[in-house]
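Undergrad: okay, structure incoming, though there's no sequence with it:
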């Protein structure tokens, strides 16, 4: 069982930055792929970034490549999403999620077994 708690959301102006954090419970954190998803009103939930259990493999949605960076600290059981050059279209509820690391960073929300409660990110002037 993995419990996830996100923090760090808020209101930011276009072009600004935010850093989201996700704290995980459990002693097997390194065995899980961690992903960040987002869901805007009226849209499907999409994966924006994922990182392997060991932290050596990452994957990003095309819409955030070069602007967002995912990282993890297995000694602290945390995963972070650094978001730069934020735009209004990045406005959404952001979720931290986990699935067992079987060698792939699975892309669909249905593949992830554990979810945080979500944190709102609003990009507006």
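TA: Received it, and whenever you're ready, just let me know what you need. This is a predicted model, so every value here is computed, not measured.
Undergrad: can you pull out the low-pLDDT segments for the chain?
TA: For the chain, no stretch has pLDDT under 70.
Undergrad: can you give me the strands for it?
TA: In the chain, the segments counted as strands under DSSP state E are 4-7, 10-12, 18-24, 32-39, 46-51, 58-60, 68-73, 78-83, 92-100, 114-115, 119-123.
Undergrad: TSV please, covering those strands and showing distance to residue 106.
TA: To be clear about C-beta, it is placed using only N, CA and C from the backbone, and glycine gets the same treatment. Formatted as TSV, these follow (distance: least, C-beta to C-beta, whole Å):
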stretch	distance to residue 106
strand 4-7	16
strand 10-12	29
strand 18-24	17
strand 32-39	7
strand 46-51	8
strand 58-60	10
strand 68-73	15
strand 78-83	16
strand 92-100	6
strand 114-115	13
strand 119-123	22
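Undergrad: looking at those strands, which is closest to residue 107?
TA: Nearest to residue 107, of all the strands of the chain, is strand 46-51, at 5.7 Å by C-beta to C-beta.
Undergrad: picking up where we left off before, tell me which of the strands of the chain is the most buried.
TA: Highest mean neighbour count of the strands of the chain: strand 32-39, a mean of 25 (counted as mean count of other C-beta atoms under 10 Å).
Undergrad: sheet partners, orientation included, of it?
TA: In the sheet, strand 32-39 lines up against strand 46-51 (antiparallel), strand 92-100 (antiparallel) (DSSP bridges).
Undergrad: who's in contact with the nearest residue to residue 96 once chain neighbours are set aside?
TA: Excluding its sequence neighbours, the residue lying closest to residue 96 (C-beta to C-beta, 6 or more residues apart in numbering) is residue 22, at 3.4 Å. Residue 22 sits next to 4, 5, 6, 7, 34, 36, 78, 79, 80, 81, 96, 116 when contact means C-beta atoms under 8 Å, 6 or more residues apart in numbering.
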